[in-house]
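Asker: What follows is a predicted structure for the sequence shown.
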Amino acid sequence: MTQKEIFEFINKNMSCMLATCIDNKPSVRGMWMYRADEKGIIFHTGTMRDLYKQLQINPNIELCFHNANRENLVQVRVSGTAALENDNQLRENIISERPFLKPIVAQYGQDCIAVFRVKNMKASVWSMTKNLEPKEYVTL
């Protein structure tokens, strides 16, 4: 896959697994990304969440996206660094486009939503048809 195809794949398959590592212990959780492009992959979490605290200590992460197609399973893994975004307009856009955030913001205020951009990204693509081939990396 090319860089453009990888971003298209991610934007079509926004649900992923996000892995962090703190004190040499891995932690993985399901996430729903906001968008992906050449500037990075955007996601958000609450400032009261373990993920937010873990990213403050170690911003190195890996994301795993897949198409959930049993006949033609494709998986894209992206490693990079999660950087906190201070773009209030982006945060407002996310909150307005994701209604499930509104009660949280009503209770805790808008600053409880932390927006991150994944930078310094490197991706590898895996599929059933290329199961035993060596990994190739694409710089995003």
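Answerer: Looks like it came in fine. Residues are numbered from 1 along each chain as shown.
Asker: When you work out contacts or count neighbours from here on, use the C-alpha atoms and nothing else.
Answerer: Will do.
Asker: list the contacts for the closest residue in space to Trp32 that isn't next to it in sequence?
Answerer: With C-alpha to C-alpha, 6 or more residues apart in numbering as the criterion, Trp32 has its nearest non-adjacent residue at 4.4 Å, and that residue is Ser15. Residues in contact with Ser15 (C-alpha atoms under 8 Å, 6 or more residues apart in numbering) are 30-33, 65.
Asker: do the same with Gly80
Answerer: Neighbour list for Gly80: 60-62, 118-122 [criterion: C-alpha under 8 Å, 6+ apart].
Asker: May I see the buried residues of the lengthiest strand in the chain?
Answerer: The strand that spans the most residues within the chain, counting by DSSP state E, is strand 113-127. Neighbour-count burial for strand 113-127 flags 113-119, 121-126 (criterion: 16 or more other C-alpha atoms under 10 Å).
Asker: partners of it, with directions?
Answerer: strand 40-46 (antiparallel), strand 74-85 (antiparallel), strand 137-139 (antiparallel) (DSSP bridges).
Asker: Tell me which of those sits nearest to Asn131.
Answerer: Asn131 sits nearest to strand 74-85 of all the strands paired with strand 113-127, at 10.1 Å, using C-alpha to C-alpha.
Asker: Following element in sequence after the closest one, please.
Answerer: helix 88-97 (DSSP states H and E).
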